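*Asks:* I'd like to go over a predicted model; first the sequence, then the structure.
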Amino acid sequence: MSNVFALLFRREARLLCRRPAELANPLVFFAIVIALFPLAVGPESQLLQSISPGLVWVAALLAVLLSLDGLFRSDFEDGSLEQWVVSPHPLALLVLAKVLAHWVFSGLALVLLAPLLGLMLGLPASTLPVLLLSLLLGTPVLSLLGAVGAALTVGLKRGGLLLALLILPLYIPVLILGSGALQAALQGLPAAGHLLWLASLTALSVTLTPFAIAAGLTISVGE
Amino acid sequence: MNWTWFHKLGSPKWFYEIGGRWLPWFGWAAAILLLVGTVWGLAFAPQDYQQGNSFRIIYIHVPAAFLAQSIYVMLAAAGLVGLVWKMKLADVALQQAAPIGAWMSFIALLTGAVWGKPTWGAWWVWDARLTSMLILLFLYFGIIALGQAISNRDSAAKACAVLAIVGVVNIPIIKYSVEWWNTLHQPATFKITEKPAMPAEMWLPLLVMVLGFYCFFAAVLIMRMRLEVLRREARASWAKAEVRALVEKHA
């Protein structure tokens, strides 16, 4: 069983590596959105620093959402999804491998890019570990929850906007906890409480969402 | 235990008949309760010692908010029944209840805004309970949009069911995270575990209104579901006969 998981993960990773442009798109989007804000609200460093926790998190959330639209699309079109559904292996496990691979290549890259943008927004270096940790814990939740929406909308012609409508309300706890952790760190308060809550959300979503994703895919494929 | 009634509920024809019999009961109960509650609450209940007469909007605000939350739970329950027992009627209930829930959250938000102006001095504040009601409205929009985007009726119902169940797992998390984030609103008016802080002359009409709103919801839901059942069963002979009888009655 774990063999299938590893095989699928390796296949997905290879596929993702062969389309580097698609991998780069969410990252560039993330950077551009962050760059838009100083242009919109003015370059005053005090103001930017105080809004940066929310800013980084909203931008990261939108970037993950954007990258999720195509998560299952090509597999749906070439019929691999149908093979997954009829295969003897549990669909939830296969889905988990797929989302994990997606997260490693897009979510993790986002996490690595974030400190750079954080510094540009004027976040003090002492808060960067909290930024990294909160994104590291939060982005898997974003990927997994978003995959539920992607699975439900994969058969639709214009699923992108609908996906945002379905999933963004569900992202709110992650947004609150993630930006809350960063805000606390910025004010010199301990951020451990927020981070622990984020970690429990991660554990919850890793255990529960694969089943919802699998159910969504079964419905979309059966249509 | 006898499960016949449960299996019977799966039959659209049976539901159409029994729903038609229940409908006047719920309709009249809703009308009487809402009338009594409104008059009692607006004219006879004592003034609030701080908020004066402006508190009276509670008699619309709280029942609507109650209903908005319970309808979402009902959606998830109907979705679960639809997914597990493949009961078509649960699908109908889910899709017909969602717009009612969206309207109830809208009413709760609107009356909240009207109430907020004299008490807090602003139409909208980013307070935890207002914000979670807004998020609930968005969740309803998501379910309605998903149901309309998928053309196949059965897959649309299943997809909505999955989304409702995911949403209901998330609602407590959203609620607590938002509450932690910011709170200005007064705590919940009714708690099952505690005695209400209001005097009886104030909360009794509220209770009547809450019951009235639930009866109103039941009546509207049955009406909508009966119509949808007729639409889905349009080819069945009993539905044709029913429509013919209705047309003749109103001709």
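*Replies:* All right, it came through fine. Numbers count the residues shown, from 1 in each chain, chains lettered A, B, ... in the order given.

*Asks:* so A:Gly70 sits in a strand?
*Replies:* No: assigned with DSSP: H, G, I helix; E, B strand; the rest coil, A:Gly70 falls outside any strand and is coil.

*Asks:* my guess is it contacts A:Leu23, does it?
*Replies:* No: A:Gly70 is not in contact with A:Leu23 according to C-beta atoms under 8 Å; the separation is 11.3 Å. No exception for glycine: its C-beta is placed from N, CA and C like everyone else's.

*Asks:* mind listing the helices for chain A?
*Replies:* Here chain A has its helices, by DSSP state H, at A:2-17, A:20-41, A:45-68, A:73-77, A:80-86, A:91-102, A:108-120, A:128-153, A:159-167, A:172-186, A:192-222.

*Asks:* how far away is A:Phe72 from chain B?
*Replies:* According to C-beta to the nearest C-beta, to the nearest Å, A:Phe72 stands 14 Å off from chain B.

*Asks:* equivalent analysis for A:Thr218, please.
*Replies:* Distance from A:Thr218 to chain B, counting by C-beta to the nearest C-beta: 9 Å.

*Asks:* quick one: contacts for that residue?
*Replies:* Shown in contact with A:Thr218 (C-beta atoms under 8 Å, 6 or more residues apart in numbering or on different chains): A:85, A:91.

*Asks:* also the one 4 residues further on?
*Replies:* With contacts defined as C-beta under 8 Å, 6+ apart, A:Gly222 is in contact with A:85, B:155.

*Asks:* do the same with A:Ser67
*Replies:* Counting by C-beta under 8 Å, 6+ apart, A:Ser67 touches A:25-26, A:102, A:106.

*Asks:* mind running it again at 7 Å?
*Replies:* With contact set as C-beta atoms under 7 Å, 6 or more residues apart in numbering or on different chains, A:Ser67 has these partners: A:26, A:106.

*Asks:* which pLDDT value belongs to it?
*Replies:* Note for A:Ser67: predicted pLDDT of 87.

*Asks:* quick one: low-confidence ranges for chain A?
*Replies:* Applying pLDDT under 70 to chain A flags the ranges A:1.

*Asks:* flag every residue of it that's near chain B.
*Replies:* Applying C-beta under 7 Å from any C-beta of the partner chain, we find that chain A lies next to chain B at A:148, A:152, A:156, A:162, A:165-166, A:169-170, A:172-173, A:176-177, A:208, A:212, A:215-216, A:219, A:222-223.

*Asks:* can you flag the buried ones in these?
*Replies:* With burial judged by 16 or more other C-beta atoms under 10 Å in any protein chain shown, the buried subset of these is A:148, A:152, A:156, A:162, A:165-166, A:169-170, A:172-173, A:176-177, A:212, A:215-216, A:219, A:223.

*Asks:* want to throw the helices of chain A into JSON lines with distance to B:Leu139?
*Replies:* What follows is the helices of chain A, written out as JSON lines (distance: least, C-beta to C-beta, whole Å):
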{"stretch": "helix A:2-17", "distance to B:Leu139": "31"}
{"stretch": "helix A:20-41", "distance to B:Leu139": "25"}
{"stretch": "helix A:45-68", "distance to B:Leu139": "16"}
{"stretch": "helix A:73-77", "distance to B:Leu139": "25"}
{"stretch": "helix A:80-86", "distance to B:Leu139": "27"}
{"stretch": "helix A:91-102", "distance to B:Leu139": "22"}
{"stretch": "helix A:108-120", "distance to B:Leu139": "26"}
{"stretch": "helix A:128-153", "distance to B:Leu139": "12"}
{"stretch": "helix A:159-167", "distance to B:Leu139": "9"}
{"stretch": "helix A:172-186", "distance to B:Leu139": "10"}
{"stretch": "helix A:192-222", "distance to B:Leu139": "15"}
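
*Asks:* can you give me the neighbour number for A:Gly149?
*Replies:* Residues within reach of A:Gly149, counting by other C-beta atoms under 10 Å in any protein chain shown, total 29.

*Asks:* my read: it touches A:Leu162, true?
*Replies:* No: shown here, A:Gly149 and A:Leu162 do not form a contact pair, counting by C-beta atoms under 7 Å, at 8.0 Å.

*Asks:* wait, B:Gly27 sits on B:Ala219?
*Replies:* Yes: B:Gly27 lies in contact with B:Ala219 (C-beta under 7 Å); the separation is 4.5 Å.

*Asks:* the two - which one has more neighbours?
*Replies:* Neighbour tally, B:Gly27 and B:Ala219, criterion other C-beta under 10 Å: the higher count belongs to B:Ala219, 20 against 17.

*Asks:* now the more buried one: which helix or strand?
*Replies:* Per DSSP states H and E, B:Ala219 falls inside helix B:200-232.

*Asks:* any idea of the mean pLDDT for that helix?
*Replies:* 89.

*Asks:* give me the buried positions along it.
*Replies:* Quick answer for helix B:200-232 (16+ other C-beta under 10 Å): B:202-226, B:228-230, B:232.

*Asks:* same check, this time on stretch A:172-189
*Replies:* For stretch A:172-189, burial by neighbour count (16+ other C-beta under 10 Å) applies to A:172-186.

*Asks:* neighbours around residue 3, how many?
*Replies:* Picked chain A for this. 8.

*Asks:* nope, chain B
*Replies:* For B:Trp3, the number of neighbouring residues by other C-beta under 10 Å comes to 7.

*Asks:* can you check B:Ser237 too?
*Replies:* Per other C-beta under 10 Å, the neighbour tally for B:Ser237 reads 9.

*Asks:* ditto for B:Trp126
*Replies:* B:Trp126, neighbours per other C-beta under 10 Å, totals 12.

*Asks:* relative to B:Ile135, how far out is it?
*Replies:* According to C-beta to C-beta, to the nearest Å, B:Trp126 stands 12 Å off from B:Ile135.

*Asks:* could you do B:Trp115 as well?
*Replies:* Distance of B:Trp115 to B:Ile135, computed by C-beta to C-beta: 19 Å.

*Asks:* repeat for B:Trp123
*Replies:* Taking C-beta to C-beta, one finds B:Trp123 at 18 Å from B:Ile135.

*Asks:* do the same with B:Pro46
*Replies:* From B:Pro46 across to B:Ile135, the span is 34 Å (C-beta to C-beta).

*Asks:* which of those two has more neighbours?
*Replies:* More crowded of B:Pro46 and B:Ile135, by other C-beta under 10 Å: B:Ile135, with 21 against 9.

*Asks:* any idea of the pLDDT on that one?
*Replies:* Per-residue confidence for B:Ile135 comes out at a pLDDT of 89.

*Asks:* same deal with B:Ala239?
*Replies:* Predicted confidence (pLDDT) for B:Ala239: 84.

*Asks:* ditto for B:Ala197
*Replies:* pLDDT at B:Ala197 comes out at 64.

*Asks:* near chain A, which residues of the stretch 1-150 of chain B?
*Replies:* Counting by C-beta under 7 Å from any C-beta, the residues of the stretch 1-150 of chain B close to chain A are B:135, B:138-139, B:141-142, B:145-146, B:149-150.
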